[in-house]
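S.K.: My questions concern the predicted model and sequence given below.
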Amino acid sequence: MSKCCGAERCNCTVTAGPGVTVDGNGSPATPYVVSADSATPTPVQAADTPTVDTTVAGTGTAADPHIVSSEVILDPTPPGGGTNLLEAGPDGLYVECADVRTCFSAGDGAAYDSATGEISARVSGDAGNTTVIGGDGGLYTPAASTDLQGTDTTSVDVTVSGTGTTADPYDVSAAVILDPAPPGGGSNLIEEGPDGLYVECADVRGCFSAGDGAAYDPATGEISARLSADAGNTVVFGADGGLYSAGGGGGTPTVVTAGDTTTANNTVSGTGTAGDPYVVTTDVIVDPAPPAGGTNLLQAGPDGLYVECADVRGCFSAGDGAAYDPATGEISARLSADAGNTTVFGADGGLYTPAASTALEAADTPTVDVTVTGTGTAADPYQVAAAVILDPAPPGGGANLLEEGPDGLYVECADVRTCITAGDGAAYTPGTGEVEARLSTDAGNQVAFGTDGGLFVPPDAPLEIGCGLQGDGTAATPLAAFPIAGSQPWTDDWNCDPVANSTLKCDPTSGALWTPPEHSSAAVTLQQNHPLGTPTIGVTGGFVLVDSTAWSEGTYTADSLSACRGISFSTRFTGHVELTWPANAQFDLGYAVQINGGGLAVRQTHSVLANGPARHERYSFGVAQAAVLPPHTGYSVRVYPAVRVTAGTVTFNQWITDTDLIAMTR
């Protein structure tokens, strides 16, 4: 090596490695010059965040430096499910009226033009609607007429005429209803004349007739005794108009008795002699309890029979909408005392209802607050106003960027800038909206800002290789992940903690990344011979347990397979039964299933229904239960042999249950 310092050329060999350049031949005139290859770029990668997309361009050389640019990410499907109103244009982010207007729609009674943003009231096109848009642009409903109907009763007929206007007011009249066919089957004695109701003597006289020994003239109402025309009758009318019989001297005296009818009561007094003649008197019978059950209006006074207005007036009463004074017989309309009734008696004594006002209420929607003021009169018309509702607490939990000013709704840059934050490797100023790269302050960081404002790493920056990576960062051996297949199975202590228990592991010995198996499964088969003996069971009425101490059970907890994954879990129970039964026995077999300690529910699996001969048989049948479980969730299924005997008996010689459990991570 001493020759290398002499005048001759050195015979030492110097070879350039990756990233190193060797010049010269080792002579004093052209010595070896070893330099780092500054042309070898340092790899630079872009790290995105949910709100900023960072891009790295260039090769990292002086001629083609790395260019790091960032672009704000606009969510194409916001969490609320709608369209993102925020847009990016050549001059920056913006939200315009046209974007916001599509967020609103019109509900009942409102119209909305999404092209102009105009909100207006919507008038119904239904037939009969009287609401229109007035000359001043407000909602207008002309004064509505009041509907008035007459309500009849069994004794009064109410009639309503007119239209209820000032020129044609409502005219309410009432007429007493006379029954054309009274319940007793006769004719109604009450009549109606131009001056009111009446009952006259001529009407009442037809109610009477003459029986034996009496004569009655319905035309005059005269009642008199009727003499028999039989031969030998000695009774005549005396000079005073009374009944007179001279009698046969020494013969049998004439006998006179009184004969009553339903309408006349005859009385005979005297002995029939000239000095004490028979006196026959007749009284009209007034029914104290008429057949229809009411009070008899016919009365007998000292001067004869009579019916007066006071008697008749008690037959009537007032129904809905009518008032009646039985003392005077006056019938009138009755006004309701309910609150809000506008019907009164007019100056002419008729019913009068002033023009009704229209009721108008505001109906809000989640996005529009509608307010109604005014009373609806011409002097104070209704005023309907609508204001857009801004959500003070949006569903996402942040502040509402939409604001309302004197000229309308708006979203400004200052509002949007607070929505963005800087992640690793980036710096962000909300006041100006400027996004820039952020340099780490960790010791040994070689990244700096160059004179042109770009990111700059000096040559020969040391590069440390951490666990899970391989290569030295050069073009020949770039940094790359170092994965291998994992062999450690899932364990109970993995609780999905992303730092301590991530499924991606780094082996400190080999430096490789690995993951445990993607899926795990478990299966087991159990068999149980139920401790039955040979019980014989008679008629049960319903299902009963054959063995209440059954231990056949399918149970699993998701932690047994994966604390990070749910599992699909299924269990099947297959029964093998040997039975003996006499002729004409009928029964049903099944399993009583209990899930997670809940109530028992019998699943019927086999039946013997026909009235047949005695038999000795074996049967196999099964029931199954499956579930999808989230992590850290247990699930238990138990079954019990069950039977329902409806006729005869059945003897169990054997009952074996095979239990199959299968569980697999999802």
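M.R.: Perfect, I can see it now. Keep in mind it's a predicted model, so treat the numbers as computed, not measured.

S.K.: which residues does residue 530 contact?
M.R.: Applying CB atoms under 8 Å, 6 or more residues apart in numbering to residue 530 gives the contacts 546, 547, 550, 641, 655, 656, 657. C-betas here are computed from N, CA, C, even on glycine.

S.K.: Grab the nearest non-local neighbour of residue 324.
M.R.: residue 318 (3.9 Å; CB to CB, 6 or more residues apart in numbering).

S.K.: try residue 523
M.R.: residue 662 (4.9 Å).

S.K.: What separation is there between residue 83 and residue 390?
M.R.: To residue 390, residue 83 is 18 Å away according to CB to CB, to the nearest Å.

S.K.: What of residue 456?
M.R.: 47 Å.

S.K.: Looking at the two, which has the bigger crowd around it?
M.R.: Counting neighbours by other CB atoms under 10 Å for residue 456 and for residue 390 shows that residue 456 has the greater number, 16 against 13.

S.K.: can you tell me how far the more buried one sits from residue 447?
M.R.: 7 Å.

S.K.: just residue 650 next, same as before
M.R.: Separation of residue 650 from residue 447 (CB to CB): 87 Å.

S.K.: the more surrounded of the two?
M.R.: residue 650 (25 against 15).

S.K.: check contacts around the more buried one.
M.R.: 536, 537, 579, 580, 581, 585, 587, 643.

S.K.: how far away is the residue nearest to residue 523 from residue 625?
M.R.: 12 Å.

S.K.: Find the residues that touch each one of the two.
M.R.: The contact lists of residue 662 and residue 625 share 570, 571, where a contact means CB under 8 Å, 6+ apart.

S.K.: Go ahead and confirm residue 269 touches residue 257.
M.R.: No - at 11.7 Å, residue 269 does not count as touching residue 257 under the criterion of CB atoms under 8 Å.

S.K.: Give me the more crowded residue out of those two.
M.R.: Using other CB under 10 Å, the more surrounded residue of residue 269 and residue 257 is residue 269, with 12 against 9.

S.K.: With adjacent residues omitted, what lies nearest to that one?
M.R.: Closest to residue 269 by CB to CB, 6+ apart is residue 279, at 4.6 Å.

S.K.: now do residue 431
M.R.: Residue 431's closest residue in space is residue 417 (CB to CB, 6+ apart), at 7.5 Å.

S.K.: quick one, strands of the stretch 151-300 of the chain?
M.R.: Here the stretch 151-300 of the chain has its strands, by DSSP state E, counting those that start in this stretch, at 156-161, 171-176, 191-193, 196-198, 214-217, 222-225, 235-237, 243-245, 264-269, 279-284, 299-301.

S.K.: Sketch out the low-pLDDT regions of the stretch 551-666 of the chain for me.
M.R.: Flagging of the stretch 551-666 of the chain using pLDDT under 70 yields the residue ranges 551-565, 631-632, 666.

S.K.: Strands of that one, start to end?
M.R.: So, for the stretch 551-666 of the chain - with DSSP E, counting those that start in this stretch - the strands run 553-557, 567-581, 586-595, 601-608, 615-629, 634-647, 650-665.

S.K.: Residue 292: which of the ones you listed is closest?
M.R.: Closest to residue 292 of those, according to CB to CB: strand 634-647, at 64.4 Å.

S.K.: on that earlier part again, can you pull the contacts of the residue nearest to residue 269?
M.R.: Per CB under 8 Å, 6+ apart, neighbours of residue 279: 242, 243, 268, 269, 270.

S.K.: 7 Å instead?
M.R.: Listed by CB atoms under 7 Å, 6 or more residues apart in numbering, the contact partners of residue 279 are 242, 269, 270.

S.K.: lowest confidence element among the helices and strands of this structure?
M.R.: Scoring the helices and strands of the chain by mean pLDDT, DSSP states H and E places strand 553-557 at the bottom, with a mean of 52.

S.K.: Would you check how far apart residue 388 and residue 410 are?
M.R.: For residue 388, the distance to residue 410 equals 12 Å [CB to CB].

S.K.: same thing with residue 215?
M.R.: The gap separating residue 215 from residue 410 is 112 Å, by CB to CB.

S.K.: Neighbour count for those two, which is higher?
M.R.: Higher neighbour count among residue 215 and residue 410: residue 410, with 15 against 12, using other CB under 10 Å.

S.K.: burial count for the nearest residue to that one once chain neighbours are set aside?
M.R.: Spatial nearest neighbour of residue 410, chain neighbours left out: residue 403 (5.8 Å); criterion: CB to CB, 6+ apart. Using other CB under 10 Å, residue 403 has 12 other residues around it.

S.K.: could you list every residue that touches residue 403?
M.R.: If you count contacts by CB under 7 Å, 6+ apart, then residue 403 has 409, 410, 411, 415 around it.

S.K.: Show the buried residues in those residues.
M.R.: Listed as buried from those are 409, 411; burial here means 16 or more other CB atoms under 10 Å.

S.K.: how about the contacts of residue 403 in a markdown table, adding secondary structure and distance to residue 294?
M.R.: A markdown table is the format used below for the contacts of residue 403 (DSSP: H, G, I helix; E, B strand; the rest coil; distance: CB to CB, whole Å):
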| residue | secondary structure | distance to residue 294 |
| --- | --- | --- |
| 409 | strand | 79 |
| 410 | strand | 84 |
| 411 | coil | 85 |
| 415 | helix | 87 |
